[in-house]
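A.B. asks: can't give you the sequence, but here's the structure:
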C-alpha cells in the first residue's frame with residue numbers, strides 16, 4: 001500500500017481514508033518499534049499494550065499523526081519531553097508503568113482529552129495540567145501522590161477526575177472537594193483523609209514545609225515549591241511588585257493568545273521566542289495556582305494566601321482536609337464569608 005499523502009493543514013480525523021490503526025499488543029517488544037512504524041502508513045491509533053518496553057525514543061515523532069496511543073502494561077520509567085510534541089494526540093494511556101514524574105511540557109498537547117496514568121509511581125502532577133483546557137478525563141489511581149493541582153483543565157466540573165488509592169494524598173484542593181461532594185463521589189473521604197487520631201508526615205521539598213496542627217495530629221502539607229511566599233489568612237503582607245507584574249502579564253498574554261491564535265499563531269510564537277527564557281516558560285506553563293474566589297480567579301505565581309479547612313462530607317465518610325489559595329487577604333475573607341468556613345491555624349517551618 002502506498003504511503004498516504006497528507007495535505008498541509010488537513011485534519012486526519014475528518015477523513016476516514018486517513019484512518020490507520022496498528023495493534024501490536026502482547027508482542028514482547030523490548031523497545032519502541034520505530035523502524036517498523038516508519039515502514040507503515042501514518043498511524044492514527046497505536047496499541048502497544050502489555051509489552052516489555054522500558055524506554056520511549058526521542059524520535060517518537062515517527063508517529064506524528066497518532067491520535068490514540070496505548071502504552072499501558074509496559075516498564076516505561078520516563079515520560080520524554082518529545083512526546084509532548086504530538087499535535088494530534090487526543091487519548092494517552094500509560095497506566096501500569098513505572099513513571100515517577102510527568103514533564104510540565106505536557107501542556108503542549110493542546111488536543112489531549114484523555115490522560116490515564118493509573119498504577120505508576122507518581123508523587124507529583126505537573127502544574128501545567130491546569131492550562132490543558134481540552135482535557136476531559138484524568139485518571140491517576142494507585143499512585144503515590146502527595147499533592148494535587150488546584151484545578152484540571154478549565155475546572156474540575158468539566159472534567160472527570162479519578163484519584164483513588166493514593167495513600168499519601170491527605171489533603172485535596174477546595175475546588176476538588178466541591179466537585180467530589182457535588183458528584184457524590186463520597187468514598188474519597190475514606191480513601192484520603194480521615195482525621196481521627198491521624199499522624200503522618202510528608203515533605204514538600206528541602207526548604208518549605210507547612211505544618212498544620214489539629215488536636216493531637218500534626219500534618220505537613222505539601223505545597224508546590226514554586227511558591228516563594230506563603231501567607232496565613234491573618235497576614236496582611238502584600239505581594240511583591242514582580243508577582244503583580246507576572247499576574248498582569250499572564251492575563252494579557254492569555255487573552256491575546258486566545259483571541260489571535262487562529263489567525264496569527266506564527267506571529268505569537270515569534271513574540272514568545274523574543275521574551276527571556278524564564279518569562280516565556282512561566283507564561284507557557286502557567287501560574288502555580290489561581291485564586292479560589294471564582295469571580296477573581298487571579299493567577300498566582302510565587303505568592304499566595306493559604307487557607308486550610310476541614311469539611312464534613314457525611315456522617316459515615318468522615319471529613320476532608322481541604323486547601324485553598326488566594327491572591328490577597330481580602331479574597332480570603334470573602335471566601336470565609338461565602339462558605340461560612342473558619343480556616344485552621346497553621347505554622348510555617350523551614
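C.D. replies: On my side now, so go ahead. All of these numbers come straight from a predicted model, not from anything done at the bench. Residues are numbered from 1 along each chain as shown.

A.B. asks: contacts and neighbour counts: CA atoms only from here.
C.D. replies: Noted.

A.B. asks: so who does the most centrally placed residue in the chain touch?
C.D. replies: Among the residues of the chain, the one closest to the centroid is residue 129, at 3.1 Å (C-alpha atoms, centre = their mean). By C-alpha atoms under 8 Å, 6 or more residues apart in numbering, the contact list for residue 129 reads 104, 106-107, 149, 151-153.

A.B. asks: What is the lowest-pLDDT residue among these?
C.D. replies: Minimum pLDDT for these is recorded at residue 153 (74).

A.B. asks: ok, now how distant is the residue nearest to that residue when sequence neighbours are not counted from residue 178?
C.D. replies: Nearest residue to residue 153, sequence neighbours excluded (C-alpha to C-alpha, 6 or more residues apart in numbering): residue 133, at 4.2 Å. For residue 133, the distance to residue 178 equals 19 Å [C-alpha to C-alpha, to the nearest Å].

A.B. asks: Please, which helix or strand holds residue 305?
C.D. replies: strand 303-314 (DSSP states H and E).

A.B. asks: Now do the following helix or strand past that strand, average pLDDT.
C.D. replies: Per DSSP H and E, the first helix or strand lying C-terminal to strand 303-314 is strand 318-326. Strand 318-326 shows a mean pLDDT of 83.

A.B. asks: Stretch 58-71 now?
C.D. replies: Mean per-residue pLDDT for stretch 58-71: 92.

A.B. asks: Distance from stretch 221-233 to the middle of the chain?
C.D. replies: Computed by C-alpha atoms, centre = their mean, to the nearest Å, the separation of stretch 221-233 from the middle of its chain amounts to 18 Å.

A.B. asks: Just the terminal-to-terminal distance for that stretch.
C.D. replies: One end of stretch 221-233 sits 16 Å from the other (C-alpha to C-alpha).

A.B. asks: I'd like to know the average pLDDT value across it.
C.D. replies: Rounded mean pLDDT across stretch 221-233 is 78.

A.B. asks: before we move on, what about stretch 330-348?
C.D. replies: pLDDT averaged over stretch 330-348 gives 86.

A.B. asks: now the helices: where do they sit in this protein?
C.D. replies: 34-38, 174-182, 187-192, 241-274, 277-285, 329-339 (DSSP state H).

A.B. asks: quick one on the thing from earlier: let's see if you can find the most crowded of the contacts of residue 129.
C.D. replies: For these, counting by other C-alpha atoms under 10 Å, the largest number of neighbours falls to residue 152: 26 neighbours.

A.B. asks: Could you double-check that it sits in contact with residue 127?
C.D. replies: No. Contact criterion C-alpha atoms under 8 Å: residue 152 and residue 127 do not qualify, at 9.0 Å.

A.B. asks: Touching stretch 25-37 from outside, list them.
C.D. replies: 43, 47-57, 59-60, 62-63.

A.B. asks: I should have written stretch 225-240 there, sorry.
C.D. replies: The contact list for stretch 225-240, computed with C-alpha under 8 Å, 6+ apart, reads 204-205, 208, 288, 301-307, 328-329, 332-333, 343, 346.

A.B. asks: Which parts of that stretch count as buried, going by neighbours?
C.D. replies: For stretch 225-240, burial by neighbour count (16 or more other C-alpha atoms under 10 Å) applies to 227, 230-233, 239.

A.B. asks: Equivalent analysis for stretch 42-55, please.
C.D. replies: 42-55.
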